[in-house]
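[1] no sequence on hand, only this structure:
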């Protein structure tokens, strides 16, 4: 049996906020360690596909999806309340 995991190299390009448990630099660092120690040879590494809108609604509320579709860097100040919530 092989160990497998999903990794997308773009994960390090995102910032989830100071209090968010997701730390992209840790994911990237772990992946680099797997490569440098050659552990990838004993694993299956998959790159996930981008989730569709329908797939997103399976795991996230409609309010959150609407928030993600609306917020942009130039209008973040308008969404400070929602940013605290999500």
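    Cool, the structure landed. The shown structure was predicted, so the numbers you read here are calculated from the model rather than taken from an experiment. Numbers count the residues shown, from 1 in each chain.
[2] and the helix ranked longest in the chain, what's buried?
    If you go by DSSP state H, the chain has its longest helix at helix 24-36. Within helix 24-36, the residues scored as buried using 16 or more other Cβ atoms under 10 Å are 28, 31, 34. C-beta coordinates here come from the backbone N, C-alpha and C atoms, glycine included.
[3] tell me the contacts of the last one?
    Meaning residue 34. Neighbouring residues of residue 34 by Cβ atoms under 8 Å, 6 or more residues apart in numbering: 40, 43, 45.
[4] hmm, try it at 6 Å
    For residue 34, the contacting residues are residue 40, by Cβ atoms under 6 Å, 6 or more residues apart in numbering.
[5] ok, the first one next?
    Under the criterion of Cβ under 6 Å, 6+ apart, the neighbours of residue 28 are residue 12.
[6] and the gap between it and residue 81?
    Distance of residue 28 to residue 81, computed by Cβ to Cβ, to the nearest Å: 31 Å.
[7] cool, and the last one?
    Remark: distance between residue 34 and residue 81 (Cβ to Cβ) = 40 Å.
[8] what's the answer for residue 25, then?
    28 Å.
[9] do the same with residue 2
    According to Cβ to Cβ, residue 2 and residue 81 sit 46 Å apart.
[10] next one: residue 26
    For residue 26, the distance to residue 81 (Cβ to Cβ) stands at 29 Å.
[11] quick one, phi psi at the residue lying closest to residue 43 once chain neighbours are set aside?
    Of all residues not flanking residue 43 in the chain, residue 3 sits nearest, at 4.9 Å (Cβ to Cβ, 6 or more residues apart in numbering). Backbone torsions of residue 3, given as degrees, to the nearest 10, read phi -80, psi 140.
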